[in-house]
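Colleague: sequence first, predicted model second:
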Amino acid sequence: MNRSWLVGLVLWCGFVGACAEPPEVEAVAAVQDDEPFAATSSVKREAIVVPQGPDLRAVSVSAAFTAAARNTSKPVAVTVCNNGSSAAPAASVSVLVSSNTTVDGSDVTVGTAMLPALAPAACQTLSVSSTFSPAVGTYYLGLWVDRADAINEEIETNNILLGGTVYIGNRPDVTVSVLSAPVSAPANTSFTTQLRACNTGSATAASVSISLRRSTDTTINSSDTSMGVTNVGSIAAGACTNVNASGSSTAFTERYLGAWVSTSSTEVTTTNNGALAGRFAVGNNADLVIEALSHQLIGGTLQTTATVCNRGYVNAAASTLSTHLSIDATYDASDTQLGTIAIPLLAANTCTTVTQTHALPALTATRIPLARVDATSVITELFESNNVNAGSSLTLGPDLHVTAFNVVHDGSVFVADAVVCNDGTVNNTASVLGVLQSIDQLADASDPLVSSIATPAVAAGACVSVSGNFSVLSAPGQFTFIARADEHNVVSEVNETNNTRYAPPTGISADLVVTSNTAWMSSEQLGWNVRVCNNGNLAASNVETELQLSNEVVFATTLSQLVPGACVDLTGSAQVTARGTQQLVAGVDTTDMTPETNEANNTLASAALFIGTHFTLGDTATAVSWNGSANVFTVTGTLCNAGSLSGATSVDAALSYDTARDWSDVNLTVGAPPTNAQYLAPAACVAVTLPYTGSGVADGTFYALISTPADDGHAGELAVTGPFTLRNDLSVSNATVAVSWNGSENHFTVSAQVCNVGTR
């Protein structure tokens, strides 16, 4: 079968199912990246492989009991994992009992179950009901996965697992565990420990008792000194009971407290009858302990804050706390002492917090700060082993760090400003701050060193500001300037990875810009004043500059050189052919031959200006009279040229029934010089008179419309006068009547003045 193996590690797997690397890691031909599974039952070292396909692995088999009566059923916990690279189908698992340490086909199966399908790296824990039918005796539990070999696996040798022992028959097995216990007690006084006693066997345990023991080591057994016995009575199989056990003792120095459980019944084993509580001492003494410890590096000093408590039974006299630097977390005479802190008298179960700062030695190394209470051993304590507390590891020495860095261009050179701080604990010697020019934001060997700025010695915790000028060493482009402290590595630092700081990306090139553009019309010529500047940080040569008006180049020149920060004013005038409202557009680097930081500021348009003629009409009026045979129309007004160029125009007049000029209007005149084809200079004006005599106009109400034709950029002018009426209008005035008698009748003589007040 074709196998594909991965490199892996031999792992150490313990009883509780956790794995860790062994002291020596072996390279094997076929192993897995990490071993996530371990047998619960026994400690073993095993090479793990990554198979192609499923791989069911027996991981653990365990029971919560140590004895089972014959032919009784009890649950056995098993765990199986799929170490393979593909899913494993459902499979059978068998629980066996073996009279020896080899699980094989000759062993008795006491329970079976079906394992569901498992995805790669998945695990499943089952509770398998098992009936213990073999003869009375002690057996080993065993687990066999896929005993019938129904699944084709890459590895078939990991399907069987040996577990712990179980006794088949009727026997008790008592155990004890510590729920809570004191760490000390006054001499000749009773103390209480909370315990839990259980019977994991298959028969009742009679006359159970628990004794509190003191031991010189961490293994509690029946030979350790008893400090009191508590009778529990009987405990049924599988039952537990909580016990408050009492003890007392005369004074003794530091020992270990534990409990030992026993029964009058024959047990499965007595190897599990003891339990350790922890350190223990008895006596009427003080007990100083450092319950909290913290440190802060402040320049070349170390500030220590410690909380010291007296957990004993009598007052602790005033004492001394010493601070040290150690290569490990254990105090010994070789540790460097930094100083001492006075600790006042402490009553029993009281605390005090002290803070003091001590100078650090001129040392470049990693050390662990320690504090040791009762450093001069003036106090007799319950425990002498708890007087030392260790803080977090400290790295000592100078540590240069660029905290601020900026680069500007002053018009001629680049100026770098930086702040260099010594974040370490030791004063550093003078060094050099290097400035690198990088095309990216990563300092590497390809970046040229463009400046070396002398940096004086910096005391621990202090900072210094430095500055230097430099010129760039490469072609125009976008660059990042990088400041690097201790450029020549003359300072042995705590941290060599924090020496660099980056300035914002900087464009190194010319930046040609039209900063102002003013245009005007004067004496019928276009005038201009344009300023062109180099706002960049490199000089520009042979700079093409143009002025355009409606795509007409009115001026062009080549600037031989513009250094950074320099400006050139371009002033001139020219006649132009463009007409109407226009803008003069000034452009620099019109041939795009100069690499620039910003290409968007190369053009600037002037304010809008009008070029051409623009005729206006003002003071317009129309007079109508009758010459005896026809109407006489006299139209007058003022014609002005409001444009910027000289030109000629004409003035027309018409009669209209409304104020709109159209084909139905009656033309009065097209005029003759001087009222027609008037030639006017800019800002000049002339009075115009348009007379007309004619009878071809019907009666009615009319407006006189006076207009000029369209000119440069304008639709023409239209002035309206009126309305006025064309018709006759007779009026009678000064009427008199004279009466006389001729002898036979009256004579009436009527006289009056009749006038025509109309327009015809």
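Modeller: The structure has been received and is ready for your questions.
Colleague: which strands or helices does the helix or strand hosting residue 138 pack on?
Modeller: Assessed by DSSP states H and E, residue 138 sits inside strand 137-145. Using 3 or more C-beta pairs under 8 Å, 6 or more residues apart in numbering; DSSP states H and E as the contact test, the elements touching strand 137-145 are strand 56-62, strand 72-82, strand 91-98, strand 160-168. Glycine gets a C-beta too; all of them are placed from N, C-alpha and C.
Colleague: which residues does residue 108 bridge with?
Modeller: residue 97 (DSSP bridges).
Colleague: quick revisit: deepest-packed of the helices and strands packed on strand 137-145, please.
Modeller: Comparing the helices and strands packed on strand 137-145 by mean neighbour count (mean count of other C-beta atoms under 10 Å), strand 56-62 ranks first with a mean of 24.
Colleague: avg pLDDT for that one?
Modeller: Mean pLDDT, computed over strand 56-62, is 97.
Colleague: what does the following helix or strand past it rub up against?
Modeller: Proceeding N to C from strand 56-62, the next assigned helix or strand is strand 67-68, under DSSP H and E. Residues from elsewhere that reach strand 67-68 (C-beta atoms under 8 Å, 6 or more residues apart in numbering): 74, 132, 166-173, 200-203, 237, 268.
Colleague: one more: stretch 611-620?
Modeller: 521, 526, 549, 576, 578-582, 635-647, 649, 651, 680, 706-708, 711-714, 716-721.
Colleague: just to revisit the earlier point, can I get the helices and strands packed on strand 137-145 in TSV with distance to residue 658?
Modeller: Formatted as TSV, the helices and strands packed on strand 137-145 follow (distance: least, C-beta to C-beta, whole Å):
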stretch	distance to residue 658
strand 56-62	106
strand 72-82	101
strand 91-98	107
strand 160-168	114
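Colleague: out of those, which comes closest to residue 592?
Modeller: Set against residue 592 and scored by C-beta to C-beta, the helices and strands packed on strand 137-145 come closest in strand 72-82, at 66.9 Å.
Colleague: what's the angle from the closest one to strand 160-168?
Modeller: On the basis of axes from the mean of the first three to the mean of the last three C-alpha atoms, to 10 degrees, strand 72-82 is oriented at 160 degrees to strand 160-168.
Colleague: let me see the mean pLDDT of strand 72-82.
Modeller: Strand 72-82 comes out at a mean pLDDT of 97.
Colleague: what angle do it and strand 56-62 make?
Modeller: 140 degrees.
Colleague: remind me which residues of this structure are low pLDDT?
Modeller: 1-51, 411, 473-475, 628, 668-677, 694-696, 728-729, 756-760 (pLDDT under 70).
Colleague: domains in it, by residue range?
Modeller: Following automatic domain parsing, one gets these domains for the chain: 11-168, 174-282, 288-396, 400-508, 512-611, 615-726, 728-760.
Colleague: and the spatially closest residue to residue 72 that is not a sequence neighbour, how many residues sit next to it?
Modeller: Closest residue in space to residue 72, ignoring its immediate chain neighbours: residue 132 at 6.3 Å, by C-beta to C-beta, 6 or more residues apart in numbering. By other C-beta atoms under 10 Å, the residues close to residue 132 number 26.
Colleague: residue 487 now?
Modeller: Using other C-beta under 10 Å, residue 487 has 19 other residues around it.
Colleague: likewise residue 704?
Modeller: Counted with other C-beta under 10 Å, residues neighbouring residue 704 total 25.
Colleague: mind listing what it touches?
Modeller: 622, 633, 635, 653-655, 668, 720-722, 724.
Colleague: state the distance from residue 529 to residue 578.
Modeller: 19 Å (C-beta to C-beta, to the nearest Å).
Colleague: what's the answer for residue 462, then?
Modeller: Separation of residue 462 from residue 578 (C-beta to C-beta) stands at 69 Å.
Colleague: and if you look at residue 270?
Modeller: Separation of residue 270 from residue 578 (C-beta to C-beta): 117 Å.
Colleague: do residue 95 as well
Modeller: As judged by C-beta to C-beta, residue 95 and residue 578 stand 104 Å apart.
Colleague: in stretch 439-449, which residues are buried?
Modeller: 443, 447 (16 or more other C-beta atoms under 10 Å).
Colleague: now do the end-to-end distance for it.
Modeller: 13 Å (C-alpha to C-alpha, to the nearest Å).
Colleague: for stretch 176-190, same thing?
Modeller: End-to-end for stretch 176-190, by C-alpha to C-alpha: 21 Å.
Colleague: and the contacts of that stretch?
Modeller: Taking C-beta under 8 Å, 6+ apart as the rule, stretch 176-190 contacts 191-198, 210, 228, 242, 246-251, 257-261, 273-284, 287, 311-313, 382-383.
Colleague: report the distance from it to the chain centre.
Modeller: Offset of stretch 176-190 from its chain centre (C-alpha atoms, centre = their mean, to the nearest Å): 53 Å.
Colleague: pull out the buried residues from that stretch.
Modeller: Applying 16+ other C-beta under 10 Å to stretch 176-190 flags 176, 178, 181, 183-186 as buried.
Colleague: how about the residues you listed in TSV, adding secondary structure and distance to residue 78?
Modeller: Below are the buried residues of stretch 176-190 laid out as TSV (DSSP: H, G, I helix; E, B strand; the rest coil; distance: C-beta to C-beta, whole Å):
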residue	secondary structure	distance to residue 78
176	strand	28
178	strand	30
181	coil	35
183	coil	40
184	strand	45
185	strand	45
186	coil	51
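Colleague: which of those residues sits closest to residue 684?
Modeller: Taking the buried residues of stretch 176-190 together and measuring to residue 684 by C-beta to C-beta, the closest member is residue 183, at 116.4 Å.
Colleague: which strand or helix spans residue 750?
Modeller: strand 746-756.
Colleague: same check on residue 493?
Modeller: Residue 493 is part of no helix or strand, with elements assigned from DSSP H and E.
Colleague: let me see the contact set for it.
Modeller: Counted by C-beta under 8 Å, 6+ apart, residue 493 has contacts 364, 397-400, 424, 428, 486, 499.
Colleague: quick one: which of the residues you listed is nearest to residue 543?
Modeller: Lowest distance from residue 543 to the contacts of residue 493 (C-beta to C-beta) belongs to residue 499, with 41.6 Å.
Colleague: the closest one against residue 401, yeah?
Modeller: Yes. Proximity of residue 499 to residue 401 meets the contact threshold set by C-beta atoms under 8 Å, at 7.1 Å.
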